[in-house]
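[1] can't give you the sequence, but here's the structure:
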Ligand code: NDP
């Protein structure tokens, strides 16, 4: 990739751990890279590696046809992007916003960008900083497909797997939220299990190989349950909800007997019981997807 070719230059706004990793990967791939961060002095060795350090956000975005944003959330993004001088400098250029937030914020920023003549793509990074610039990185993108095609080559310089999910600019954030939902509820289960195990005299090290065994059950279930949910069968064959609730109750009792907060498992148990109360006891755990309405919106 020729660094003298304007098409292969990029600006990175935000030099937290992820922004620095993105800028470093662009530099390693030979992309001319301009960087800016609200608080100066966060660039580490990026300057020594060839990055141009811009004095202001408007100077930074004016340096490249494509700006990649990686800030903590959309409040931060808006506070930079929507400054009149920055919006003016971005006119006719493209932004790829890789900051995390909720889908509606992405759509709102997409609408704002369209009103200001700025090309806008949204995205999400699904893997940690060490994966950036390697085949292990996972990037989700959404927004106008033609715009994505235009900038794909520069984005590919980040390495990893890039997937364009569709024209709805909020779609990448929607996938991100769903996947974070899986990650954080699973990890909450894990730390809770470690506390219960410790109270029973089992160390985390002793439990870990068995925890891996339980974890390995999940990937095939994701596939199997996807068919169950999309097909509306909610099959309870082999493990009906009535039986699942009983094992959840055991976890609640064991944890609380040790004085351990079991509120997460109690919440899971309550959802399963709600499905049983509505007459779905013979169905599988996937039926819970249909009883997740909030209590004040609950059907009779
Ligand atoms: P942070 O999420 O802590 O974000 C730090 C960046 O946000 C810094 O550049 C900081 O600037 C900037 N910032 C915060 N508030 C403001 C504001 N009001 N105005 C302007 N800039 C602001 O660090 P990361 O780099 O780790 O994450 C960036 C994004 O990447 C996040 O959305 C995160 O969810 C996502 N991500 C991160 C991963 C990781 O492994 N780190 C993995 C996947 C996604 P300043 O230095 O001035 O405070």
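    Looks like it arrived, so ask away. Keep in mind that what you see is a predicted model, and the values were worked out from it rather than measured. Residues are numbered from 1 along each chain as shown.

[2] ranges for the helices of the protein?
    17-28, 57-62, 74-81, 84-90, 103-115, 145-156, 171-199, 204-231, 241-257, 263-275 (DSSP state H).

[3] export the ones you listed as CSV, with columns for mean pLDDT and distance to residue 124.
    (Glycine included, C-beta is placed from N, CA and C.) Converted to CSV, those look like this (pLDDT from 0 to 100; distance: least, Cβ to Cβ, whole Å):
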stretch, mean pLDDT, distance to residue 124
helix 17-28, 98, 11
helix 57-62, 98, 21
helix 74-81, 97, 12
helix 84-90, 98, 21
helix 103-115, 97, 9
helix 145-156, 97, 13
helix 171-199, 97, 4
helix 204-231, 96, 19
helix 241-257, 96, 31
helix 263-275, 96, 25
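
[4] and those helices: which comes nearest residue 164?
    helix 145-156 (5.0 Å; Cβ to Cβ).

[5] tell me which residues touch the residue lying closest to residue 194 once chain neighbours are set aside, please.
    Leaving aside its chain neighbours, residue 194 sits nearest to residue 204 (5.1 Å; criterion: Cβ to Cβ, 6 or more residues apart in numbering). Residues counted as contacts of residue 204 (Cβ atoms under 8 Å, 6 or more residues apart in numbering) are 194, 197, 198.

[6] dump the residue contacts of the last one.
    Okay, so that is residue 198. Residue 198 neighbours (Cβ under 8 Å, 6+ apart): residue 204.

[7] how near is it to residue 191?
    11 Å (Cβ to Cβ, to the nearest Å).

[8] in the stretch 151-300 of the chain, what residue is nearest the ligand?
    Closest approach between the stretch 151-300 of the chain and the ligand, counting by Cβ to the nearest ligand atom: residue 176, at 8.3 Å.

[9] same question, the chain
    Nearest to the ligand, among the residues of the chain, is residue 16, at 2.4 Å (Cβ to the nearest ligand atom).

[10] that residue against residue 42, yeah?
    Yes. Residue 16 lies in contact with residue 42 (Cβ atoms under 8 Å); the separation is 7.5 Å.
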